[in-house]
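A.B. asks: Provide a 3D model corresponding to the input given below.
(chains A and B)
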Amino acid sequence: MSTLDTTSDVPRRPFSGRRVRLGDLLLQGVAGLAALGATVLVGLIAYKIVEGSRLSISTFGLGFLQRVGWDPVHNLFGAETFLFGTAVTSIGALILATPLALGIALFLTELAPNWVRGPVTALVETLAAIPSVVIGLWGILVLGPVLLNDVMPALHSALGFIPLFGPTSTGASVFTAIIVLTIMILPIVSSISRELFLGVPSELKEAALGLGTTRWEMVRGVILPYTRGGVAAAMILGLGRALGEAVAVAQVIGSFSGNGISWNLFNPGNSIGSELVNEFLNYSTTLELSSLFYLALILLVFSLAVNLLAQVIVRRVARRQGFVS
Amino acid sequence: MSAADATQLGRRNDRLRRRHAVNRGMELLAWLAAAIAVAILGIVVVSVAKRGASQLNLDLFTKTPTATAFTLHPVAQGISNAFVGSLVIVGLATAFALPIGILIAIYVNEFAPGAVKNGIGLVLDVLNGVPAIVIGIFVFGLLVVGHGQSGIAGAFALAVIMLPLVARSTIEVLALVPNTLREAGLGLGVPRWRTTLGIVVPQAVGGIVTGAVLAIARIAGETAPLILVSSIAGSSVAWNPIHALQTVPVAIFQLSEEPDPQAHARAWAAALVLVLFVLVVSLVARWFATRSRRKLQGAR
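C.D. replies: Numbering: from 1, shown residues only, chains lettered A, B, ... in the order given. I've put the predicted structure just below:
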């Protein structure tokens, strides 16, 4: 940048001699130390979680992932029920949130009159600012009863032949958790998609419209193919958020593992996050505590993998299209 | 015009009509999606406001909970202990995270060579991607095992969540400060550290404050780590973070798990206060951000 590297054959000017200034060294040192601290912190998080789960890893190994059941009395622990719950809730939320989010983003970039754009963009982002514990409170006391009394019976009678929509039992269910997670990841996916859509060069859009396409054909033929990679990254980031959400899910999912692997979305269930929130302070043996750490390790690995994947895609897209988002 | 031509034209018109119908349908769906999003926000905010407002009174802030025979967690009266605890824990977390986050941003923007810059960017992304509950378990393993829960552990957990947010937003505003200002300072013989602290950072201070305030709004509602590291607290008002402190989000969580409608009423009132705080703070910060950013970009 502005520090010129003076080569030896150029005579040094009197003022710009590379005197080492104590203040510079100090600020660079302290600031560098802070940056180093953040790096060490990431390592320490990984180390502590692995260290805590060591006992469980040596006892159960990778079989932990496939074992069903959480039995402190016999000291047998397995993650499969929770893995299943986490997968069903976050993938379900992603399936519901993606079309909605793309619709919102297209509305905001292509359709909305100017005076609507600002306020609606702000409102959607406000949704992201509502604390998860409040969404969870609303989910269990307001949304849950509505789903139980109106939505679930209707889905069951219309689509009951699909095992997903089985008999209903309670408002605190996997289905409720999916809806709550959908609400929570909607703003992320839609705001990233909106930015991507804004980045589509207007020449391309105008060229398509000039050839006589309708607006939808232009969206399908130009905007969506152009932003495909970025939209995938946005979906992956949304998935990462859904995987890691613990509190709101713990409030609405029913926190019941007795059903094991149940495909009926209307049953109560459990996810990694909800199990950690509900059971972490109630552990009875050291092996149970270690197994809870093991669950956290699994969650950490998944969310890091998902986030890194999204970063890689974003970087590749940015390089290919020559814009930095 | 021959008959054959006319039918062909008719067919073409049919196709065109169908294409326009599909287009109209898709536009309608997009409108609907936006309407649904706004409606969800409206429904959530209105239900919190409706249920919370009737319960909102001064007792909530001034009185402590008292235990009743039917509930696990004390519910009656107010939750002044939770407000005090949140204030202490969020305050401490900000005191930890803010200076370190700003220093990281200064290092990245003013000192770090390119490769290191990318590396630290990656570290911040990774830190930002760690689920809050996992951060809670990390702090549990680091500070709570063997020592018990404490407000300090809670503050540390929130600081870990806040750090990447503050660093990221500060990096963004520092990058907006025009290079000419740095060059002017250095050209006048001002040492680099004074250029940075005396010229560059003050230029960006509006943006830095905005980022910090948004991060505070975010951690004020953070629940998962606090449940693990600072939730088993007494019901009297306590300021000392050596012991576990009750906080507003944890109180909402515990009250929402109670079967008692009295407890739910308290939870709604506390949720209303939390949501109002978060929304007002983020809206003001956002408005302030667009203003100060416009000023910075105008100076370019």
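
A.B. asks: would you map the helices across the stretch 201-300 of chain B?
C.D. replies: Taking DSSP state H, counting those that start in this stretch as the test, the helices found in the stretch 201-300 of chain B are B:201-220, B:224-229, B:248-256, B:261-299.

A.B. asks: would you turn those into TSV with mean neighbour count and mean pLDDT?
C.D. replies: C-beta here means a position set from N, CA and C on the backbone, and glycine is covered the same way. Converted to TSV, these look like this (neighbours: other C-beta atoms under 10 Å in any protein chain shown; pLDDT from 0 to 100):
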stretch	mean neighbour count	mean pLDDT
helix B:201-220	20	91
helix B:224-229	29	93
helix B:248-256	27	92
helix B:261-299	18	83
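
A.B. asks: turn the ones you listed into TSV, columns for distance to residue B:47.
C.D. replies: Output for these, formatted as TSV (distance: least, C-beta to C-beta, whole Å):
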stretch	distance to residue B:47
helix B:201-220	21
helix B:224-229	23
helix B:248-256	13
helix B:261-299	8
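
A.B. asks: tally of neighbours for residue 40?
C.D. replies: In the absence of a named chain, this looks at chain A. Residue A:40: 13 surrounding residues under other C-beta atoms under 10 Å in any protein chain shown.

A.B. asks: um, chain B though
C.D. replies: 20.

A.B. asks: what of the one 5 residues further on?
C.D. replies: When counting by other C-beta under 10 Å, one arrives at 20 neighbours for residue B:45.

A.B. asks: what do you get for the one 4 residues further on?
C.D. replies: Residue B:49 sits with 16 neighbouring residues when counted by other C-beta under 10 Å.

A.B. asks: can you check residue A:234 too?
C.D. replies: Using other C-beta under 10 Å, residue A:234 has 28 neighbouring residues.

A.B. asks: would you confirm that it contacts residue A:189?
C.D. replies: Yes. Using C-beta atoms under 8 Å, residue A:234 is in contact with residue A:189, at 4.9 Å.

A.B. asks: low pLDDT regions in chain B?
C.D. replies: Applying pLDDT under 70 to chain B picks out residues B:1-4, B:6, B:66-77, B:293, B:295-300.

A.B. asks: check the gap between the most centrally placed residue in it and chain A for me.
C.D. replies: Centroid-nearest residue in chain B: residue B:218, 1.9 Å away (criterion: C-alpha atoms, centre = their mean). Counting by C-beta to the nearest C-beta, to the nearest Å, the gap from residue B:218 to chain A is 8 Å.

A.B. asks: can you give me the strands for the stretch 201-325 of chain A?
C.D. replies: Ranges of strands in the stretch 201-325 of chain A, per DSSP state E, counting those that start in this stretch: none exist.

A.B. asks: poorly predicted segments of the stretch 151-300 of chain A, please.
C.D. replies: Those would be A:259, if you go by pLDDT under 70 across the stretch 151-300 of chain A.

A.B. asks: can you pull the residues of it lying near chain B?
C.D. replies: A:183, A:186, A:190, A:214-217, A:219, A:240, A:243-247, A:251, A:273, A:276-277, A:280-281, A:292-293, A:296, A:299-300 (C-beta under 8 Å from any C-beta of the partner chain).

A.B. asks: hang on, isn't residue A:199 packed against residue A:231?
C.D. replies: No. Residue A:199 is beyond contact range of residue A:231, at 11.7 Å (criterion: C-beta under 8 Å).

A.B. asks: so for the two, which residue has more residues nearby?
C.D. replies: The residue with more neighbours, out of residue A:199 and residue A:231, is residue A:231; 23 against 17, by other C-beta under 10 Å.

A.B. asks: residue A:196 is in contact with the more buried one, correct?
C.D. replies: Yes. Between residue A:231 and residue A:196 a contact is recorded at 6.4 Å, counting by C-beta under 8 Å.

A.B. asks: picking that back up, which residues do residue A:234 and residue A:189 both contact?
C.D. replies: Taking C-beta atoms under 8 Å, 6 or more residues apart in numbering or on different chains as the criterion, residue A:234 and residue A:189 both touch residue A:101.

A.B. asks: if we can go back for a sec, so how do I select the buried members of the residues of the stretch 151-300 of chain A next to chain B in ChimeraX?
C.D. replies: Listed next is the ChimeraX selection for buried residues among those, using 16 or more other C-beta atoms under 10 Å in any protein chain shown:
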select /A:183,186,190,214,215,216,217,219,240,243,244,245,246,247,251,273,276,277,280,292,293,296,299,300
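
A.B. asks: of the residues of the stretch 151-300 of chain A next to chain B, which belong to helices?
C.D. replies: Counted as lying in helices by DSSP state H, out of these, are A:183, A:186, A:190, A:215-217, A:240, A:243-244, A:247, A:251, A:273, A:276-277, A:292-293, A:296, A:299-300.

A.B. asks: so which residue of the stretch 201-325 of chain A comes closest to chain B?
C.D. replies: residue A:244 (2.8 Å; C-beta to the nearest C-beta).

A.B. asks: check contacts around that residue.
C.D. replies: Residue A:244 is in contact with A:273, A:299, A:303, B:130-134, counting by C-beta under 8 Å, 6+ apart.

A.B. asks: so can I have CSV of those showing distance to residue B:238?
C.D. replies: Below are these laid out as CSV (distance: C-beta to C-beta, whole Å):
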residue, distance to residue B:238
A:273, 29
A:299, 32
A:303, 34
B:130, 29
B:131, 29
B:132, 24
B:133, 25
B:134, 28
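
A.B. asks: what's the closest of those to residue B:54?
C.D. replies: residue B:132 (31.2 Å; C-beta to C-beta).

A.B. asks: what's the burial count for the closest residue to residue B:192 other than its chain neighbours?
C.D. replies: Nearest non-adjacent residue to residue B:192, counting by C-beta to C-beta, 6 or more residues apart in numbering or on different chains: residue A:24, 4.6 Å away. Neighbour count of residue A:24, defined by other C-beta under 10 Å: 17.

A.B. asks: does residue A:24 belong to a helix, a strand or coil?
C.D. replies: Recorded secondary structure, residue A:24: helix (DSSP: H, G, I helix; E, B strand; the rest coil).

A.B. asks: quick check: it vs residue B:235, distance?
C.D. replies: 53 Å (C-beta to C-beta, to the nearest Å).

A.B. asks: next one: stretch A:208-225 to chain centre, how far?
C.D. replies: Relative to the centre of its chain, stretch A:208-225 is centred 31 Å away, using C-alpha atoms, centre = their mean, to the nearest Å.

A.B. asks: measure it end to end?
C.D. replies: End-to-end distance of stretch A:208-225 (C-alpha to C-alpha, to the nearest Å): 13 Å.

A.B. asks: buried ones in it, by neighbour count?
C.D. replies: By neighbour count on 16+ other C-beta under 10 Å, the buried set for stretch A:208-225 is A:208, A:213-219, A:222-223.

A.B. asks: do stretch A:302-317 as well
C.D. replies: Applying 16+ other C-beta under 10 Å to stretch A:302-317 flags A:302-304, A:306-311, A:313-314, A:317 as buried.

A.B. asks: returning to that earlier point: secondary structure element for the residue lying closest to the residue nearest to the centre of chain B once chain neighbours are set aside?
C.D. replies: Nearest non-adjacent residue to residue B:218, counting by C-beta to C-beta, 6+ apart: residue B:165, 6.5 Å away. In the assignment (DSSP states H and E), residue B:165 maps to helix B:151-176.

A.B. asks: just give me the neighbour total for residue A:163.
C.D. replies: Neighbours around residue A:163, by other C-beta under 10 Å: 10.

A.B. asks: ok, residue B:124 next?
C.D. replies: So residue B:124, with other C-beta under 10 Å, has 25 neighbours.

A.B. asks: quick check: next helix or strand after the host helix or strand of it?
C.D. replies: Residue B:124 belongs to helix B:114-129 when elements are defined using DSSP H and E. Sequence-wise, the next helix or strand downstream of helix B:114-129 (DSSP H and E) is helix B:132-139.

A.B. asks: other SSEs contacting that following helix?
C.D. replies: Helices and strands touching helix B:132-139, by 3 or more C-beta pairs under 8 Å, 6 or more residues apart in numbering or on different chains; DSSP states H and E, are helix A:22-60, helix A:228-244, helix A:272-279, helix A:286-321, helix B:151-176, helix B:224-229.

A.B. asks: alright, I will stop here.
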